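> How does the following fold in three dimensions:
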Amino acid sequence: MDEFKNHINRAEVKIFNEEYTVTGDENTEYIHMLAGYIDRRMKIIQQRNPNLSSSKIGVLLALNLADEINKLQDDYDEIVKDLEDARKKQP
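Numbering: from 1, shown residues only. I've put the predicted structure just below:
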């Protein structure tokens, strides 16, 4: 998979009924997977809040994802600290 990292890939994706051309280092299958994930999450928010505009749905999704990333980072930092503490206690 790393052999594709130095090549810019282009993928046509559809997110929330809008077409996008996405370019990046990742392979196109990965880009399509991410786009599908975002599309599904936006549709879930729309189902819960049917009167919101697509831009507000996008902002709510961004806030939800930022919250998830922040919590995962906190969990990761705690695990790293626990591992470091355990290493210090070993003889």
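
> where exactly do the strands run in this protein?
9-15, 18-24 (DSSP state E).

> Most tightly packed of these?
Of the strands of the chain, the one with the most neighbours on average (mean count of other Cβ atoms under 10 Å) is strand 9-15, at a mean of 15. All C-beta spots, glycine's among them, are computed from the backbone N, C-alpha and C.

> what helices or strands is that one leaning on?
With contacts taken as 3 or more Cβ pairs under 8 Å, 6 or more residues apart in numbering; DSSP states H and E, strand 9-15 sits against strand 18-24, helix 28-48.

> Contacts for the longest one next, please.
When contacts are taken as Cβ atoms under 8 Å, 6 or more residues apart in numbering, the neighbours of helix 28-48 outside the stretch itself are 9-11, 13-16, 20, 22, 24, 52, 54, 57-58, 60-61, 64-65.

> got the buried residues for that helix?
For helix 28-48, the neighbour count (16 or more other Cβ atoms under 10 Å) marks 31, 34, 35, 38, 39, 41, 42, 45, 46 as buried.

> Using a markdown table, please lay out these together with pLDDT.
Below are those laid out as a markdown table (pLDDT from 0 to 100):
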| residue | pLDDT |
| --- | --- |
| 31 | 98 |
| 34 | 98 |
| 35 | 98 |
| 38 | 98 |
| 39 | 98 |
| 41 | 98 |
| 42 | 98 |
| 45 | 98 |
| 46 | 98 |
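
> Need those residues in TSV (columns: distance to residue 73).
As requested, the buried residues of helix 28-48 are arranged in TSV below (distance: Cβ to Cβ, whole Å):
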residue	distance to residue 73
31	24
34	19
35	24
38	20
39	25
41	19
42	23
45	23
46	28
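
> Which residues are in contact with residue 60?
So residue 60 contacts 45, 49, 52 (Cβ under 8 Å, 6+ apart).

> closest to residue 72 among these?
residue 45 (19.8 Å; Cβ to Cβ).

> separation between that closest one and residue 20?
Distance of residue 45 to residue 20, given as Cβ to Cβ, to the nearest Å: 18 Å.

> likewise residue 75?
31 Å.

> Run the chain-centre distance for the longest helix seen in the chain.
Longest helix in the chain by number of residues (criterion: DSSP state H): helix 54-89. With Cα atoms, centre = their mean, to the nearest Å as the basis, helix 54-89 stands 12 Å off its chain's centre.
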